[in-house]
Each structure stands twice: as C-alpha cells, then as structure tokens.
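Student: Structure for the following, please:
(2 chains)
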Amino acid sequence: MKLIFHIWRQRDGRSPGRMVRYEQDGLNPDMSMLEALDVLNEELILKGEDPVVFEHDCREGICGSCGFMINGVAHGPLSKTTVCQLTLRHFDNGAELYLEPWRAKAFPILRDLMVDRSALDRIIASGGYISTPAGSAPDGNAIPVSKEAAERAMDAAACIGCGACVAACPNASASLFTGAKIAHLGLLPQGQPERARRALRMVARMNEEGFGQCTNIGECEAVCPKGIRVEVISRMNRDFLKASWTARRAGAD
Amino acid sequence: MSATAAQEGIPKPRLLRFWETTLGKKAVMAATGAILALFVLAHLIGNLQIFLGPDQFNGYARALRHLPELVWPVRVLLLISVLLHIWSSIELAVVKSEARPAGYRRWKPAGSAYASRTMYWSGPIVAAFVAYHLMQFTFGVGGTPYNRLDPYGNVISGFRVPAVSLFYIFAMALLCLHLRHGLWSLFQTLGFYHPRHTPRIHRAAWLIALFIFFGFISIPVAVMLGVIPPVL
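Tutor: Numbers count the residues shown, from 1 in each chain, chains lettered A, B, ... in the order given. As a prediction, the model looks like this:
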C-alpha cells in the first residue's frame, strides 16, 4: 500500500519549519502509523537524510508519548485511538496525509513532530497529588469508596497526558487534562484534604503555562484517546469557583 | 503594583486573583450572559404585545416609563453586564490568540458545533446590532421616523425599511446561534454537569434560542407582510 505524507519538518525551536512531501510505497495495511514512519525513516537514513523525529514509547496506546495531527485531527480519524494504535487499513491506498505537531505556545516544538509537553508535568507538580505517608500499605477497605465514585475516578484517571486535548482545542486549552486530574483525585476520599488548594494551584499553573481558556466546544472530548468527558472540566470549574470564594486566607490556599 | 505587593508579602485581593484566571473571566462571562439572556426573554414577551394592537403595546411602553424605580436599576444592571461580558471576552480573546501563536496548515473540527466555534463572530455583530437598535428605538436617531410617545408607530415605520428589517433578522439569527451555545455553556462554566441533565439543558438551549429567533423576527416579518397595520 502507498501513502503520500506531508510532514512538518523543523530542525529545532529556533529554526523555521515547512511541510515536506514524501511518497512511501510498500506499506502493509496492518502496520501502525508509527511503523509507517519507521519504514519511511529507514529509507531516509539509507538516503543519508535526517529521519522524521516523533515521540513514542509503549506503542500499545497506554503511555501517552506519541501523538500528532493527521489531516487536522489529533491522533487521526479513528476515535479513542492513539497514533501508535492507528493502523493504515483505515486509510485509502494512495491517501494524502498531513502530519503536523501539536501546536501550542505551552508545547514548544523540539523537532519535526516532537513537542515539549513538560508544561503538563508542571501542572501535575502544582497540585495533582495527595500528601500521605507512603510507608506501609493501609488496611484493605479501611477507607470506604462508593462503587460509583471509584468508577468515575478511574475514568478520569485514564488520562495518559498525551496532549491531544490541547492540540485539538482552538484555544490550546489544557482544561480537559487539568480537569481529569482534579476530578480523579477530587472524587476519592484521599483527595479531599487538598481539594480546594489543588484546584486553585493547578488552575493558576495552567494559566501561567500559557494554555488558553475553555470555551466548552468539545473538540478535546472528541479526540481524547481515553474518552475523558468534558464533565471533568465542569468539576474543575466547580472546585475552583468554590475554593475561590471559600478559602479562609487570601493569598494562601 | 502587583509585583511590589507580592514582594512585600501582601496578598492580592481575592477578587483580582479570581479575575486574573481564565476560569474567573469565564465565570463572569457566564453570569453576565445569563442576566442578558433573561433580559432578552423578558424583552421578547414585552415586544410580542404588538400583536395585541397599538393600545396594548403603547400602554405597556407607557407603564414602563412610569416605573423608573424598576427600569433604571435594570438598565444599570444590563449596562454593567454588557460591559463585563465584552471586557471578559476581549481579555480571553487575547489569551486565546497568545495560546497558539502558530496555527495548523490543516484543522478539521472533530466534535464541536458551528455555533460554539463562532461565538467571537456572533457576539460582536449582535453587539453592533444592539447599538443600532438603541439608536433607532430608544434615542430616535436611527434614521427612521421616531415619536417618543408612539413606540407602535416607530416599529411600523422602522421595519417598513427593508434594510432595517433584514439587518434585524440577520442579527436575530446570530443571537440564536450565540444563545444556542451560550445557554448550555454557562452551566458547564459555572460547574454544573450531569449526564442526565446536561443533554436536557442542550435541548432546552436550542428550543429557547429558536423561540427567541422566531419570536423576534415575527415582528418585522409581520410588518413587511402588512399583518401589523399602521394606525391611520
């Protein structure tokens, strides 16, 4: 099978980039999108050219490393699928594919299709945790959690931090990511002591990193490979609004 | 000022810190949008009385004029709401434009509605319409015949100008789109989402937006078709 790629090539954050056209023949429809790029890169290396840089790790859709835009949709046309799990059989033979990196001020381009997503890590570090003694294991079922809360927390915790929500959002908002973390911890008893502080700090950090605002349009939900729902954003909004007005000390948490 | 205050360990006022976040601005936009939407509904119910004849319509207008203790607080509230709604939208437009300095060569909507992506188009055009609307029917400087004591006649003579009626209908279509997204979005922004209720809010937003559209445009359409007759 043959595909025509138009790939964003950029040496580093300071250099200008451009779209470069590659025709790749001899692809197997059962290959993943990343394997197609591997084949392309092998040939580029043999020709003495620079291979296309893209981030990847587990290649089984659970690590959150990979991801780029395919024809204007984050992770490509298949819903709830990362690019490493997207097989070529979903495309027509001879299809033209435009591959572009995630675009956001908070995601500086490192090279080609690879961006620096450390901003998401810094949002987590600002409050996406619980403070607890991590010594011995607690007794089983010592802290009751309802079935529904456990399920919903687990749904939110499915976020792999790939950044597709930011990439798909016209405002480059990280609300789905941040909301997922806030909802995940806020639904569980262990997350309650720091709940107000978490919302205030993570929202502030999200803004400082230069992510845009949420306009509730739902592009993030549509492209999220883990099916995180915009409900988590309304939980973030609620926690933040509540914390903003009920925090006892101004300036602190 | 804020830098010095932070250095001296004086925390910023709570309201200012709230306003400085995108969520704070969105909450202001949602709350003021709700106030403006309620006004639009009340305004529509007032306007539809034109179908009950000139005495009813002009009598309603006269009753409002004789209630300054109701009209003026509402006008002040609406003015503050409009200003805050526009101010927050301008500040957020700046945030939005800075958040993605370089755009995509290709971008395809995967799950968003047309109305939700065009709020920055529908909003300013509706605002421009409101400015003209006030000039025409409140201040009497809209270029159509105006008599302060005869709102019924003002409506008839105003909407007999096709350009005025067409702009009105166009603006109402955009207002309908704006409300179709805004009316449900404000619940999400203010922190209410429920898998059972949110789809209902979606449907209600559509219905209310369509009611507002057809309700308002029924007046210029009726005037142009001669259904609402001028008083001779």
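Student: buried residues in the longest helix seen in chain B?
Tutor: If you go by DSSP state H, chain B has its longest helix at helix B:68-99. Buried residues in helix B:68-99, counting neighbours by 16 or more other Cβ atoms under 10 Å in any protein chain shown, are found at B:78, B:81, B:82, B:84, B:85, B:88, B:89, B:91, B:92, B:95, B:96, B:99. In this view, the C-beta of every residue, glycine as well, is placed from N, C-alpha and C.
Student: going on from it, what's the next piece of helix or strand?
Tutor: Beyond helix B:68-99 on the C-terminal side, the first helix or strand identified by DSSP states H and E is helix B:114-117.
Student: dump the residue contacts of residue B:88.
Tutor: Contacts for residue B:88 (Cβ atoms under 8 Å, 6 or more residues apart in numbering or on different chains) come out as B:25, B:26, B:28, B:29, B:32.
Student: can you pull the pLDDT of the third one?
Tutor: Looking at residue B:28, its pLDDT stands at 97.
Student: I'd say it and residue B:22 touch.
Tutor: No. Using Cβ atoms under 8 Å, residue B:28 makes no contact with residue B:22, being 10.9 Å away.
Student: got a list of what the residue of the stretch 1-150 of chain A found nearest chain B touches?
Tutor: Here the residue of the stretch 1-150 of chain A nearest chain B is residue A:72; by Cβ to the nearest Cβ that distance is 3.7 Å. Each residue near residue A:72 by Cβ under 8 Å, 6+ apart is listed here: A:98, B:104, B:106, B:107, B:108.
Student: ok, the one residue in chain B that gets nearest to chain A to residue B:126 distance?
Tutor: Nearest to chain A, among the residues of chain B, is residue B:11, at 2.1 Å (Cβ to the nearest Cβ). According to Cβ to Cβ, to the nearest Å, residue B:11 stands 38 Å off from residue B:126.
Student: More neighbours: those two, which one.
Tutor: residue B:126 (22 against 13; other Cβ atoms under 10 Å in any protein chain shown).
Student: Which strand or helix spans the most centrally placed residue in chain B?
Tutor: Centroid-nearest residue in chain B: residue B:36, 5.5 Å away (criterion: Cα atoms, centre = their mean). Per DSSP H and E: residue B:36 is located in helix B:22-47.
Student: for the chain, which spans come out with low pLDDT?
Tutor: Using chain A. A:249-253 (pLDDT under 70).
Student: nope, chain B please
Tutor: B:1-9, B:232.
Student: can you map out the strands along chain A?
Tutor: Counting by DSSP state E, chain A has these strands, from start to end: A:3-9, A:18-24, A:69-70, A:73-74, A:96-100, A:109-111, A:114-115.
Student: Which one of those lies nearest to residue B:56?
Tutor: strand A:73-74 (54.7 Å; Cβ to Cβ).
Student: Which residues does the closest one contact?
Tutor: Taking Cβ under 8 Å, 6+ apart as the rule, strand A:73-74 contacts A:67, A:68, A:102, A:164, A:165, A:167, A:168, A:223, B:108, B:110.
Student: make it 6 Å
Tutor: For strand A:73-74, the surrounding residues in contact (Cβ atoms under 6 Å, 6 or more residues apart in numbering or on different chains) are A:164, A:167, A:168, A:223, B:108, B:110.
Student: Quick one: distance of that strand to the chain centre.
Tutor: Offset of strand A:73-74 from its chain centre (Cα atoms, centre = their mean, to the nearest Å): 11 Å.
Student: List the strands paired with that strand, with their directions.
Tutor: As defined by DSSP bridges, the strand partners of strand A:73-74 come to strand A:69-70 (antiparallel).
Student: Up against chain A, what does chain B have?
Tutor: When proximity is defined as Cβ under 6 Å from any Cβ of the partner chain, chain B approaches chain A at B:11, B:14, B:18, B:21-23, B:26, B:92, B:95-96, B:99-102, B:104, B:106-108, B:110-112, B:116, B:185, B:188-189, B:191, B:193.
Student: Those, buried ones only, as a PyMOL selection?
Tutor: To isolate the buried members of the residues of chain B next to chain A in PyMOL, using 16+ other Cβ under 10 Å:
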select buried, chain B and resi 18+21+22+23+26+92+95+96+99+100+104+106+107+110+111+112+116+185+188+189+191+193
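Student: where along the stretch 1-150 of chain A do the helices fall?
Tutor: Listed in chain order, the helices of the stretch 1-150 of chain A (DSSP state H, counting those that start in this stretch) span residues A:33-46, A:118-125, A:147-157.
Student: Can you add mean neighbour count and give those back as CSV?
Tutor: Below are the helices of the stretch 1-150 of chain A laid out as CSV (neighbours: other Cβ atoms under 10 Å in any protein chain shown):
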stretch, mean neighbour count
helix A:33-46, 17
helix A:118-125, 18
helix A:147-157, 15
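Student: between the ones you listed, which gets nearest to residue B:50?
Tutor: Once the helices of the stretch 1-150 of chain A are compared by Cβ to Cβ, helix A:147-157 is nearest, at 50.5 Å.
Student: Nearest spatial neighbour of residue B:125, chain-adjacent residues omitted?
Tutor: Nearest residue to residue B:125, sequence neighbours excluded (Cβ to Cβ, 6 or more residues apart in numbering or on different chains): residue B:174, at 5.3 Å.
Student: So the one you found, which state does it fall into?
Tutor: Of the three states, residue B:174 takes helix according to DSSP: H, G, I helix; E, B strand; the rest coil.
Student: How many residues are close by it?
Tutor: A count of neighbours around residue B:174, defined by other Cβ under 10 Å, yields 19.
Student: Give me every residue in the stretch 1-150 of chain A lying close to chain B.
Tutor: Contact residues of the stretch 1-150 of chain A with respect to chain B, defined by Cβ under 6 Å from any Cβ, are listed as A:71, A:72, A:73, A:98, A:100, A:103, A:104, A:105.
Student: Which of the residues you listed ranks first by neighbour count?
Tutor: residue A:104 (27 neighbours).
Student: for the residue nearest to that residue when sequence neighbours are not counted, what are its contacts?
Tutor: Among residues not flanking residue A:104 along the chain, residue A:172 sits closest, at 3.8 Å (Cβ to Cβ, 6+ apart). Residue A:172 makes contact with A:104, A:166, A:211, A:212, B:99, B:100 under the criterion Cβ under 6 Å, 6+ apart.
Student: need those residues in CSV with distance to residue A:154, can you?
Tutor: Output for the contacts of residue A:172, formatted as CSV (distance: Cβ to Cβ, whole Å):
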residue, distance to residue A:154
A:104, 28
A:166, 23
A:211, 25
A:212, 28
B:99, 30
B:100, 32
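Student: Tell me the one of these nearest residue B:143?
Tutor: Set against residue B:143, the nearest of the contacts of residue A:172 by Cβ to Cβ is residue A:212 (40.5 Å).
Student: isn't that closest one right next to residue B:100, touching?
Tutor: No. With contact defined as Cβ atoms under 6 Å, residue A:212 does not count as touching residue B:100 (7.1 Å).
Student: Need the nearest residue in space to residue A:69, chain neighbours excluded.
Tutor: Spatially, and ignoring its direct neighbours in sequence, residue A:69 is nearest to residue A:100 (4.3 Å; Cβ to Cβ, 6+ apart).
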